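S.K.: okay, sequence plus prediction incoming.
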Amino acid sequence: MIKITFLGTSGQFPSAKRNHPAMLLTYDGENILVDCGEGTQRQFRIAGISPTKVTRLLITHWHGDHVLGIPGLLQTLALNNYNKTLFIYGPRGIKNHINDLLKAFPSAKGIKMKVEEVDGKFLDTNGFYIESKPMKHGIPCNAYCFVKKGQRRIDKKKLQKAKISSGPILQKLKEGKDITYDGKKYLAKNLTYLQDSKKVCFILDSSVNKNMNYLAKDADVLIIESTYDGELHNLAEEHNHMTCKQSAEIAKKSKVKRLILTHLSERYENNPSLIINEAQKIFKNTSIARDLEVFEF
């Protein structure tokens with residue numbers, strides 16, 4: 001199960017209802033924070049999640065609304081004797097930014113950190129991988145996709161029916177290999193099944209580009225910025241952002257299953273229906289993220 005907690009869903013300015021951008025992806029012991037805008041720590045507390053659970057930080061770009069919460073987060077981890085290594089990933093130049101931040105806030109140096117500038121697949125484990133691609137936002141900027149790998153699972157009912165007890169032999173089945181048990185041969189395909197992979201894509205702060213389609217292709221969930229409505233497409237282009245129509249078109253072209261819009265301008269604080277209605281005309285399975293909302297799949 002992949003769990004996404006929306007800690008902040010606003011655009012450049014926070015509002016009474018929306019905090020600066022931050023999202024937490026939880027899966028199999030990992031708590032991966034995507035961006036860390038101002039006020040993210042408070043959102044953690046309201047959500048009932050300890051910031052010390054964070055294992056990785058994905059930074060899309062070095063604009064204040066996406067990173068001003070990082071100094072406070074690092075200080076909190078240091079003060080709470082954070083005993084893990086915090087892995088920080090971002091676009092070109094992120095190492096220099098983090099080094100400068102630590103000079104300004106030396107008390108945040110008390111934890112182990114590993115900072116990497118990434119482009120392409122940069123983390124590949126037995127259970128998942130993460131990939132990044134550069135976006136177009138005027139400064140170095142990344143989008144990310146998280147992919148839970150498909151796995152072969154043992155059908156426990158069929159195993160019981162065949163009266164095969166647990167033990168090292170089951171590892172062969174998980175590897176898709178046929179086995180021999182009590183003198184009888186069993187085909188792996190008859191005792192196992194393949195669990196589908198799952199993909200979630202995060203695209204924040206960018207004008208339209210081909211890398212969006214690459215990352216979002218066949219995603220189960222696409223979480224993407226929707227700073228402006230369709231009538232303001234010129235303003236979106238000027239500021240290297242996207243409209244809700246463009247986001248919906250990306251979802252449709254990329255054949256995603258679910259579209260979640262975020263990074264809304266404060267101008268839609270009291271009228272988010274303008275955004276959702278336009279997007280749903282193009283891609284029906286669309287929703288707008290709300291602060292502290294949890295999405296699981």
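M.R.: On my side now, so go ahead.
S.K.: residues in contact with stretch 239-247?
M.R.: 136-138, 205-208, 224-230, 232-233, 235-236, 259, 261, 275-276, 278-279, 282 (Cβ atoms under 8 Å, 6 or more residues apart in numbering). For every residue, glycine as well, the C-beta is placed using N, CA and C.
S.K.: do me a favour and get the end-to-end distance for that stretch?
M.R.: 15 Å (Cα to Cα, to the nearest Å).
S.K.: what do you get for stretch 4-16?
M.R.: Termini of stretch 4-16 sit 22 Å apart (Cα to Cα).
S.K.: any idea of the mean pLDDT in that stretch?
M.R.: The pLDDT scores in stretch 4-16 average 96.
S.K.: list the buried ones in it?
M.R.: Ile4, Thr5, Phe6, Leu7, Gly8, Thr9, Ser10, Gly11, Gln12, Pro14, Ser15 (16 or more other Cβ atoms under 10 Å).
S.K.: with stretch 80-95 instead?
M.R.: For stretch 80-95, by 16+ other Cβ under 10 Å, it's Tyr82, Leu86, Phe87, Ile88, Tyr89, Gly90, Pro91, Ile94.
S.K.: out of the contacts of stretch 239-247, list just those in helices.
M.R.: His233, Leu235, Ala236, Ile275, Ile276, Glu278, Ala279, Ile282 (DSSP state H).
S.K.: the fifth one contacts Leu261, doesn't it?
M.R.: Yes - between Ile276 and Leu261 a contact is recorded at 7.3 Å, counting by Cβ atoms under 8 Å.
S.K.: hey, what's in contact with both of these two?
M.R.: Shared contacts of Ile276 and Leu261, counting by Cβ under 8 Å, 6+ apart, come down to Cys244, Thr286, Ser287, Ile288.
S.K.: elements contacting the least confident helix or strand in the chain by mean pLDDT?
M.R.: Lowest by mean pLDDT, DSSP states H and E among the helices and strands of the chain is strand 192-195, with a mean of 77. Strand 192-195 sits against strand 151-154, with contacts defined as 3 or more Cβ pairs under 8 Å, 6 or more residues apart in numbering; DSSP states H and E.
S.K.: now the strand it packs on: buried residues?
M.R.: Applying 16+ other Cβ under 10 Å to strand 151-154 flags Ile154 as buried.
S.K.: tell me which residues in the helix or strand following it are buried?
M.R.: Downstream of strand 151-154, the first helix or strand assigned by DSSP states H and E is helix 156-161. Buried residues in helix 156-161, counted by 16+ other Cβ under 10 Å: Leu159.
S.K.: now do stretch 236-256
M.R.: So for stretch 236-256, counting by 16+ other Cβ under 10 Å, buried means 236, 239-251, 254, 256.
S.K.: now do the strands in the stretch 1-150 of the chain.
M.R.: Shown for the stretch 1-150 of the chain, the strands assigned by DSSP state E, counting those that start in this stretch span residues 3-8, 22-27, 30-34, 56-58, 85-90, 112-117, 120-124, 128-134, 142-148.
S.K.: keep only those of the buried residues of stretch 236-256 that are in helices.
M.R.: Ala236, Cys244, Lys245, Gln246, Ser247, Ala248, Glu249, Ile250, Ala251, Ser254.
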